[in-house]
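# With the sequence up front, the predicted model follows.
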Amino acid sequence: MGFLDNSGDIILDVVLTDLGRQLLAKGDGSFNVAKFALGDDEIDYALYDNTNASGSSYYDLQILQTPVLEAFTDNAASMKNKLLTIENQNLLFLPVTKLNQAIATTKLHPSGAFFVAVDRNTEDNSNNSLTSSVAFDSEGLLRQGFILGESLGAGRESSNYIRVDQGLDTTQVSPRQNLDPDLIETEYMIQIDNRLGSIVSRDGVIRAVPDSIDDDNIAYYSFSQGTDQQFVFVNTSTENSVNEVIAGPRGTILEFSIGASLELNTSTYLFSQLGSTTQLPNQTSGNTTTTKFIDSIVKVTGMTTGYSIDVPVRFVKI
């Protein structure tokens with residue numbers, strides 16, 4: 001990654017993404033630039049100076065001369081903040097996407113991530129008269145933030161899951177007001193490291209199929225309102241409650257869980273290559289188990305506004 005000098009002429013730095021180069025290399029005419037996106041990741045709008053003594057032409061000079069990032073070839077890393085066009089210019093607020101931690105089963109682990117137990121032995125090994133598993137506590141209750149990555153909750157207790165809420169997070173507009181249709185996220189994209197896990201429905205019944213997997217092993221999943229009702233649906237709540245994290249008008253809800261990959265489930269190789277170890281409380285009160293872990297990120301992006309959040313995930317195996 002590098003910066004390009006932007007002190008003179010405007011710079012247009014363009015590269016093809018991994019997928020673009022792949023299509024171009026086929027040489028079968030399938031390569032066609034049909035869409036593009038613009039971003040402003042490197043811009044600090046606090047540099048806008050409307051008190052500049054030289055006049056209005058100089059108010060945004062510092063912004064216009066800010067060095068710009070070189071174009072990224074990695075489509076998973078480029079343009080975290082995409083620009084969008086909204087026809088309605090009377091808007092006072094723009095929608096956001098927020099991780100919902102107001103419900104007991106959607107809270108992060110106290111350490112600040114969702115913990116995915118990648119096999120049954122890590123989830124619960126009490127059936128084998130053992131107590132070294134880490135997903136359940138000494139009273140047999142699923143710990144906060146733990147996702148059952150093998151059983152997916154198809155056992156004695158449903159798994160925790162991830163919930164993302166969307167809407168206007170402001171107290172200046174009542175949640176009883178309808179959200180402008182142009183501001184409602186009707187489709188979401190989820191990116192996850194395919195070596196580590198996959199996306200499943202909240203109840204673990206539906207194992208989603210990725211749209212594509214790039215050369216960095218990032219799997220892309222898309223879920224639409226109406227088509228994928230088990231994942232995306234309208235938030236019909238019009239009252240403020242302890243379970244709501246959007247203060248104003250609400251749009252849609254995205255719910256999903258994570259299944260462990262076969263490699264993590266059956267092998268410790270990736271844990272040795274990419275991870276480390278830590279001590280986690282096990283099913284015996286006051287005792288801990290040495291646990292292997294790999295930290296990762298699951299990225300959720302709204303396809304209407306481009307608003308995205310990174311969900312921290314830790315895959316664990318004893």
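That came through fine. Numbers count the residues shown, from 1 in each chain.
# does Ala247 really touch Gln177, like I thought?
No. Ala247 lies out of contact with Gln177 (Cβ atoms under 8 Å); the separation is 11.7 Å. (Glycine included, C-beta is placed from N, CA and C.)
# which of these two has more neighbours?
Neighbours per residue (other Cβ atoms under 10 Å) separate Ala247 from Gln177, with Ala247 holding more: 16 against 12.
# Remind me what the longest strand along the chain packs against, helices and strands.
Ranked by residue count and defined by DSSP state E, the top strand of the chain is strand 288-302. Strand 288-302 is packed against strand 162-167, strand 187-193, helix 269-274, strand 276-281, strand 308-317, with contacts defined by 3 or more Cβ pairs under 8 Å, 6 or more residues apart in numbering; DSSP states H and E.
# To Asp40, which of the ones you listed lies closest?
If you check each of the helices and strands packed on strand 288-302 against Asp40 by Cβ to Cβ, strand 308-317 wins as the nearest, at 14.0 Å.
# ok and that closest one relative to strand 276-281, angle-wise?
Strand 308-317 and strand 276-281 are oriented at 80 degrees to each other (axes from the mean of the first three to the mean of the last three Cα atoms, to 10 degrees).
# helices or strands up against strand 308-317?
Partner elements for strand 308-317 (3+ Cβ pairs under 8 Å, 6+ apart): strand 96-99, strand 114-117, strand 288-302.
# quick one: which of those strands is nearest Leu23?
Nearest of the helices and strands packed on strand 308-317 to Leu23, taken as Cβ to Cβ: strand 288-302 at 21.6 Å.
# ok so, going back, buried residues in the longest strand of the chain, which are they?
Applying a neighbour-count criterion of 16 or more other Cβ atoms under 10 Å, one finds 289, 291-294, 296, 298-302 buried in strand 288-302.
# For that strand, which strands pair with it and how are they oriented?
Strand pairing for strand 288-302, determined by DSSP bridges: strand 187-193 (antiparallel), strand 276-281 (antiparallel), strand 308-317 (antiparallel).
# May I have that strand exported as CSV, CA atoms only?
C-alpha atoms of strand 288-302 as CSV (Å, rounded to 0.1, in the frame of the first residue of the first chain):
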residue,chain,number,x,y,z
THR,A,288,-9.3,-23.8,32.7
THR,A,289,-8.3,-25.6,29.5
THR,A,290,-5.5,-24.7,27.2
THR,A,291,-7.3,-23.7,24.0
LYS,A,292,-6.0,-23.1,20.5
PHE,A,293,-7.5,-20.1,18.7
ILE,A,294,-7.5,-18.2,15.4
ASP,A,295,-8.7,-14.6,15.3
SER,A,296,-10.6,-13.4,12.2
ILE,A,297,-13.1,-10.9,10.9
VAL,A,298,-16.5,-11.4,9.3
LYS,A,299,-17.5,-8.4,7.2
VAL,A,300,-21.1,-7.4,6.7
THR,A,301,-21.9,-4.9,3.9
GLY,A,302,-25.3,-3.4,3.0
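# Which element, helix or strand, includes the residue nearest to Ile206 when sequence neighbours are not counted?
Leaving aside its chain neighbours, Ile206 sits nearest to Gln230 (5.6 Å; criterion: Cβ to Cβ, 6 or more residues apart in numbering). Taking DSSP states H and E as the definition, Gln230 sits outside all helices and strands.
# what's near enough to touch Gln230?
The contact partners of Gln230, taken as Cβ atoms under 8 Å, 6 or more residues apart in numbering, are 201-203, 205-206, 255.
# Could you find the closest non-adjacent residue to Gly197?
Ile258 (4.7 Å).
# Just the element for that neighbour, please.
strand 250-260.
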